[in-house]
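> with the input below, show me the fold.
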Amino acid sequence: MAREHILVVDDEKNILELVEYNLDKSGYQVSCVMTGEEALRATITQMPKLVLLDLMLPGIDGLDVCRTLKRDPRTAAIPVIILSAKGEEADVVTGLELGADDYITKPFSPRVLVARVRAVLRKHGATTAETGDDAVQRRGALVIDPGRRLVMVGTTPVDLTFTEFGILQALARRPGWVLTRNQIIDAVRGGDYSVTERAVDVQIVSLRRKLGDYGDHIDTVRGVGYRFRE
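A predicted model of the protein is given here:
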C-alpha cells in the first residue's frame, strides 16, 4: 500500500528534519522545501495529500502560498496545516480564513503534530462518506455540487475556500436546523479540532458576502449558532 505523501514547507532546517523524521516514522512519505516558491511548484508537480506550511518564509510568505493553493482548482482540495510561531488569535483567524485546515503553533509536540496530521487526513478522506453522497443540492438559484466542490448562484460560480464550502454544505444539508459553532467545526474539520467561536463567525461573514443575496439564507440564532433558512 502506497504511503500518503506530505509536503513540509519550512525555512528552518532543524524543524524540517524533526518533522520529516516523525512523519516518516509514522508511515508517511515526506518531501521538504524551504521557500514559498518551491512550495507552489512542488504542490503542483507532486500533488501531495497534505501540505504542512510555515508562515515566515523567504520570498513568498506562507499566507500567500496558502491563498494561492486554495484559489487554484488543481490544488484547492489539498488540506493545509499551518505550522507557525505566530500564535495570536488574529494570526489563527487569518490562516483559517484563507482555507487552512488546522493551525499548530511552535514549539509543538511531535506526537501532537502527527495526531493532527492524521485527523486532518482522516477527516478530509471521509468528508464525502460522512456528509452523504455526491448528490447536488439545490436551493433556488443556489447550487452546491459536493463532487466537484462547486457552488453556483444562477450561472455565476462562487469562489469559496475549503472551510467555507464545508460550512455551507453542512448548513444547506439540513435547512431549518440550528447548528452550534461546535457542531459546525465538527462537521467541517472533526471533533478533535480546537478553534475559537470568533473564527467560525469570521467564516460565516465571509461566506455571506461571497453568496451575495443568498447570504441572507444563513440566519444567526443568537446565543446558539446558525441555520440555513428553509
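
> show me the domain layout of the protein.
By the assignment in automatic domain parsing, the chain contains the domains 5-129, 131-228.

> how about these in a markdown table, adding mean neighbour count and mean pLDDT?
Glycine gets a C-beta too; all of them are placed from N, C-alpha and C. Compiled in a markdown table, the domains of the chain are given as follows (neighbours: other C-beta atoms under 10 Å; pLDDT from 0 to 100):
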| stretch | mean neighbour count | mean pLDDT |
| --- | --- | --- |
| domain 5-129 | 18 | 88 |
| domain 131-228 | 17 | 81 |
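
> any idea how far Lys70 is from Gly27?
Distance of Gly27 to Lys70, computed by C-beta to C-beta, to the nearest Å: 27 Å.

> then Arg3?
Applying C-beta to C-beta to Arg3 and Lys70 gives a distance of 25 Å.

> equivalent analysis for Val19, please.
Taking C-beta to C-beta, one finds Val19 at 22 Å from Lys70.

> hang on, isn't Leu63 packed against Val92?
No: the criterion here is C-beta atoms under 8 Å, and Leu63 misses it with Val92 at 12.0 Å.

> do you have the strands of this protein handy? List them.
Taking DSSP state E, the strands of the chain run over residues 5-9, 29-33, 50-53, 80-84, 102-105, 137-139, 142-145, 150-153, 156-157, 178-180, 218-221, 225-228.

> which helix runs longest in this structure?
When the chain is parsed with DSSP state H, its longest helix is helix 110-130.

> quick one: it to strand 5-9, angle?
Angle of helix 110-130 versus strand 5-9, following axes from the mean of the first three to the mean of the last three C-alpha atoms, to 10 degrees, is 130 degrees.

> counting by contacts, list what helix 110-130 packs against.
Contact here means 3 or more C-beta pairs under 8 Å, 6 or more residues apart in numbering; DSSP states H and E; on that basis helix 110-130 packs against helix 13-25, strand 50-53, strand 80-84, strand 102-105.

> can you add distance to Arg41 and give the strands of the chain back as a markdown table?
Shown next, in a markdown table, are those (distance: least, C-beta to C-beta, whole Å):
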| stretch | distance to Arg41 |
| --- | --- |
| strand 5-9 | 11 |
| strand 29-33 | 8 |
| strand 50-53 | 12 |
| strand 80-84 | 16 |
| strand 102-105 | 23 |
| strand 137-139 | 36 |
| strand 142-145 | 29 |
| strand 150-153 | 26 |
| strand 156-157 | 26 |
| strand 178-180 | 39 |
| strand 218-221 | 37 |
| strand 225-228 | 39 |
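
> and the residue nearest the centre of the chain, how far from Arg139?
For the chain, the residue nearest the mean C-alpha position is Asp101 (3.1 Å; C-alpha atoms, centre = their mean). According to C-beta to C-beta, Asp101 and Arg139 sit 26 Å apart.
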